[in-house]
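[1] Turn this into a model:
(2 chains)
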Amino acid sequence: MNKDIIKSDRFKEQYYKIKHPSGLTILVWSMEGFSSTEALFGTNYGSINTRFKTNKDADFVDVPEGIAHFLEHKLFENEDCDVFELYAKTGANANAYTSFDKTVYLFSCSDKWKESLEILLSFVQKPYFTDATVQKEQGIIGQEIRMCDDNPDWRVFFNLLDALYVNHPVKIDIAGTVESIAKIDADLLYRCYHTFYNLNNMVLSISGNVNVDEVLKIADKYLKPCEDIKLENQFSDEPLKINKTDVLKILPVGTPLFNIGFKAPPKTGKELLRSEVIAGMALSLIAGSTSPLYKQLTEEGLINSSFSSEVFTGDGYFANILGGESKNPEEVFARIKAEIENVKSTGLDKKRFNIIKKSKYGQLVRGFNNVEACASLMLNSHFIGADAFDVVEIIANLEINEVQECLNEMFDISNSAISIVKNR
Amino acid sequence: MSLKMEEFVISDGIKIKTIIDKKFKSNLITIRFITKLNEKTVSQNAIIPNVLVTTNSTYKTRMELTTKLSELYGSGFATINHKIADNQVVGISASCICDAYALAGEGITSEVTEILLDCIFKPLVEENGFGKHDFDIRKTELIDSIDAEINDKRTYAIKRANTSIYKNEPSALTSYGTKDGAIALTPQNAFSAYKELLKTAQIEIMYCGGEKNVDSIEMLKKAFSSIERDFSENVFSKISPLKNEVCEVSDEMDVNQCKMVMAYKSDFNTVYENRLMSTMLGGTAFSKLFTNVREKFSLCYYCAAGFVEGKGVLIIDSGVELSNIPKAREEINNQIIALAKGDFTDEEMHNAVLSISGDYKSNYDSTHDISSWYFIQGIRRDNFTPEQAIQKLESLTRDDVIKAASALKLDTVYIMKSNVSDGGAE
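    Okay, here's the model as predicted:
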């Protein structure tokens, strides 16, 4: 078993990357002086993976929306006990989350990390579903879905995704709908489990107060070799064009909320990582807190301190999103579009480009202070086919013309939409 | 543990603590003003940090100041505004990377400290008030924040419940104050409130990070030693009185999921006993409320308990369907009765101690968390290390938990009722 060392000379940091004989990739970052440990056991499986096949299937199979999230809930129930009861004995703080493209089981602790790691590796590999427990969970998740419907930030975001995407399942709520989860049964859960929880499709990322050899000893004991089943995901063809230009939802809120999105062509691998950095830099230059546009919008009372932006990416989707609160979201949208046209023709500000580069470097340094952030960085980088320090080098070597050249593709005005949530 | 904490009294009611741990790659400076929560000044105090972190007499616009901080490797200023019992805590913090990580060997920390001190001691002032142009923007933002409280229904339900739980007490206020209070703000009355804070508030300064920058620490000490003071000691704990009858309040709203907030009051005013009892009741995924009310009886989607230190109030908040409200209320109450009767295992108690201990120790791994830890310790006048606090917890007995639970008396029940059957209108 090779222990590759992934190093950053710039930050004098390193972590281990091991391909375990079971098929699992293991990432271990020992952080000197830190007392806590963060462990993430994740599968490359999220809400968008609703159509797939393996080398054991004749054809692609479609499963109900929300099943990845449902599976995450159900794995916490062992045949003989609740997983939280096991963690209670180690003092670890355990949780899990499902996103669009991954499901992650995690714990953080300050003591007994080895015992907690044994629990983590053990329960995720021991599914136990019955129709009765599935039915009970349908009620619990139904409540979660209704609770999310009351959350205006959540709604304004998903309504934007619905406006941007025509067919891609990213537009569907991660938890699915009350109707879609009603179609889930124990057999379907086992099928999804055995497809996506194959160790070849998973990663263990662990950071903080941890020792690589101890991690491998526990891995050897708990991981059973998995055959690579050649998993393939399939998504319906997604046009480059958006679905609709605007969506309005009425909910009890204060100042109206808005999300504005620019749909861009999807990317993969290191090209995705590079494009994310470029898009993030472009967003900072166009509408970040040091930009003339931000100053103008703030001074005119069109945005407030809630205004922010993000690069939203994954398998088959890429969008640049800006959001916040505004008494006049349509005017904010118009001003952002005008500023994009302006920088496309007059060029980006080089002085600010260099300042933002320096600022992003500082943010990365501060991220290395944080045990949780380091475990997440390793896991997220791995799932897109990169290493944790690649982003540092991309930022360090980025030139302003690379950002300028991508503006047309990443900020296409004709492929933009706005979602608004406001009071009745 | 390589952490080193030192405390130094600068003047009457002003202290600085330095917390150095070489593992950190950044430094964090926090300046907190602690004053009595008061309806007349709460909004004025609330806007002060927002004004201070956006301009000063050198960097006269937010854009200029933000650009300068970005040049200093993305250093950041943040605001603080929250309540501790009947007190308001406002302040600002500055974070920056340690000088060792500057690409050209620049002195980042001392420059950031200088700018922070300019924000505090040389704010942008005109006509005996804060600079009007920027102040008006911050005032609009504060009003927007108050309006936006309704967006997060869980927090909003607790805010609405607080007005009844703490009726006629300062704690009924939020740390932002009311919308009317925010509308009445002027650059002059806010500046006057700021001068009062500098004079009368307890001021707690924390310098926490990977390097002991002596220049920065000396700058902080010197700047705060020259303030004219009129300080008197504040009382931090003021137990909320129990009402003669349980107060029942409800609102109707366009929501799918109802919220229920139950407040119990206690005259058993002890930190660690109440922390342990509330953790066993509803502080973890193996607590009584989670395992019974949520998992066993499926009555709530969430149901959690937290003890409000200094007020003697236990708050249980839950997300619940309309038809389940009476049953959920009964079951929540049953779990408190169970604790008060000693209906819990030694293992439940031991596991709760383990969980809290883990939380306490994890404070060592973040400049923000360890800084907040020692701030709260100072407020309690304990200055316990996390290990010392764990020893206190480990010394507790079953009887301590029983006493803490037995002291709880139901005071207020707030319900946010749903008036929709299928969500908001499209």
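
[2] Roughly how far does the nearest residue to A:Q138 once chain neighbours are set aside sit from A:I355?
    Distances taken as CB to CB, 6 or more residues apart in numbering or on different chains place A:I181 nearest to A:Q138, at 5.6 Å, with adjacent residues excluded. C-beta coordinates here come from the backbone N, C-alpha and C atoms, glycine included. Distance, A:I181 to A:I355, by CB to CB, to the nearest Å: 48 Å.

[3] so what's the residue nearest to A:Q138 up against?
    Residues in contact with A:I181 (CB atoms under 8 Å, 6 or more residues apart in numbering or on different chains) are A:P64, A:G66, A:I67, A:F70, A:Q138, A:I141, A:G142, A:I145, A:A175.

[4] How about B:I14?
    B:Q202, B:I203, B:I205, B:F224, B:S225, B:I227, B:R229.

[5] Please indicate which of these has the highest neighbour count?
    B:I203 (25 neighbours; other CB atoms under 10 Å in any protein chain shown).

[6] Look at that one and report its pLDDT.
    pLDDT, B:I203: 97.

[7] Now look at stretch B:406-417 and say if it contacts chain A.
    No. If you take CB under 8 Å from any CB of the partner chain as the test, stretch B:406-417 misses chain A, and the best it gets is 9.9 Å.

[8] For that stretch, buried residues please.
    B:S406, B:A407, B:L408, B:L410, B:D411, B:T412, B:V413, B:Y414, B:I415, B:M416 (16 or more other CB atoms under 10 Å in any protein chain shown).

[9] for the residues you listed, which one is nearest A:T255?
    Relative to A:T255, the closest of the buried residues of stretch B:406-417 is B:M416; by CB to CB it sits at 20.6 Å.

[10] if I read this right, that closest one contacts B:A157, doesn't it?
    Yes. Counting by CB atoms under 8 Å, B:A157 is a contact partner of B:M416 at 4.7 Å.

[11] what's the overlap in contacts for the two?
    B:K259, B:M260.

[12] In JSON lines, list the contacts of A:I181 along with secondary structure and pLDDT.
    Shown next, in JSON lines, are the contacts of A:I181 (DSSP: H, G, I helix; E, B strand; the rest coil; pLDDT from 0 to 100):
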{"residue": "A:P64", "secondary structure": "coil", "pLDDT": "97"}
{"residue": "A:G66", "secondary structure": "coil", "pLDDT": "98"}
{"residue": "A:I67", "secondary structure": "helix", "pLDDT": "98"}
{"residue": "A:F70", "secondary structure": "helix", "pLDDT": "97"}
{"residue": "A:Q138", "secondary structure": "helix", "pLDDT": "93"}
{"residue": "A:I141", "secondary structure": "helix", "pLDDT": "92"}
{"residue": "A:G142", "secondary structure": "helix", "pLDDT": "91"}
{"residue": "A:I145", "secondary structure": "helix", "pLDDT": "93"}
{"residue": "A:A175", "secondary structure": "coil", "pLDDT": "97"}
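
[13] ok, which pair from those is furthest apart?
    Of all pairs in those, the most separated under CB to CB is A:I67 and A:G142 at 14.4 Å.

[14] and the two? which has more neighbours close in?
    A:I67 (25 against 17).

[15] From chain B, how far off is that one?
    Distance of A:I67 to chain B, given as CB to the nearest CB, to the nearest Å: 20 Å.

[16] for A:K244, same thing?
    In terms of CB to the nearest CB, A:K244 sits 13 Å off from chain B.

[17] A:F333 now?
    Taking CB to the nearest CB, one finds A:F333 at 18 Å from chain B.

[18] swap in A:T268?
    From A:T268 to chain B the distance is 29 Å (CB to the nearest CB).

[19] Ignoring the adjacent residues along the chain, who's closest to A:S306?
    Using CB to CB, 6+ apart, the nearest residue to A:S306 is A:G324, at 4.3 Å.

[20] Using CSV, list the CA coordinates for the host helix or strand of B:A328.
    If you go by DSSP states H and E, B:A328 is part of helix B:325-340. The C-alpha atoms that make up helix B:325-340 are tabulated as CSV, following Å, rounded to 0.1, in the frame of the first residue of the first chain:
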residue,chain,number,x,y,z
ILE,B,325,-48.8,20.2,19.4
PRO,B,326,-50.8,19.0,22.5
LYS,B,327,-49.0,15.6,22.5
ALA,B,328,-45.6,17.1,21.9
ARG,B,329,-46.1,19.6,24.8
GLU,B,330,-47.1,16.7,27.1
GLU,B,331,-44.1,14.5,26.1
ILE,B,332,-41.6,17.4,26.5
ASN,B,333,-42.9,17.9,30.0
ASN,B,334,-42.7,14.2,30.7
GLN,B,335,-39.0,14.2,29.8
ILE,B,336,-38.3,17.0,32.4
ILE,B,337,-40.3,15.0,35.0
ALA,B,338,-38.2,12.0,34.2
LEU,B,339,-35.0,13.9,34.9
ALA,B,340,-36.4,15.4,38.1
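
[21] Mind listing what's buried along that helix?
    B:I325, B:A328, B:R329, B:E331, B:I332, B:Q335, B:I336, B:A338, B:L339, B:A340.

[22] where's the fifth one relative to chain A, distance?
    B:I332 sits at a distance of 17 Å from chain A (criterion: CB to the nearest CB).

[23] what ranges do the strands span in the stretch 101-250 of chain A?
    A:103-109, A:202-208, A:232-233, A:246-250 (DSSP state E, counting those that start in this stretch).

[24] which helices and strands sit right next to the third one?
    The criterion is 3 or more CB pairs under 8 Å, 6 or more residues apart in numbering or on different chains; DSSP states H and E, and the helices and strands that strand A:232-233 contacts are strand A:51-53.

[25] could you point out which element follows the strand it packs on?
    Counting by DSSP H and E, what follows strand A:51-53 is strand A:61-62.

[26] Could you pull up the mean pLDDT of that next one?
    The model assigns strand A:61-62 a mean pLDDT of 94.

[27] what's in contact with that strand?
    Contacts of strand A:61-62 (CB under 8 Å, 6+ apart): A:T50, A:R51, A:F52, A:K53, A:R191.

[28] Show me just the buried residues among those residues.
    Buried among the contacts of strand A:61-62 (16+ other CB under 10 Å): A:T50, A:F52, A:K53, A:R191.

[29] That's all I had, so thanks and see you.
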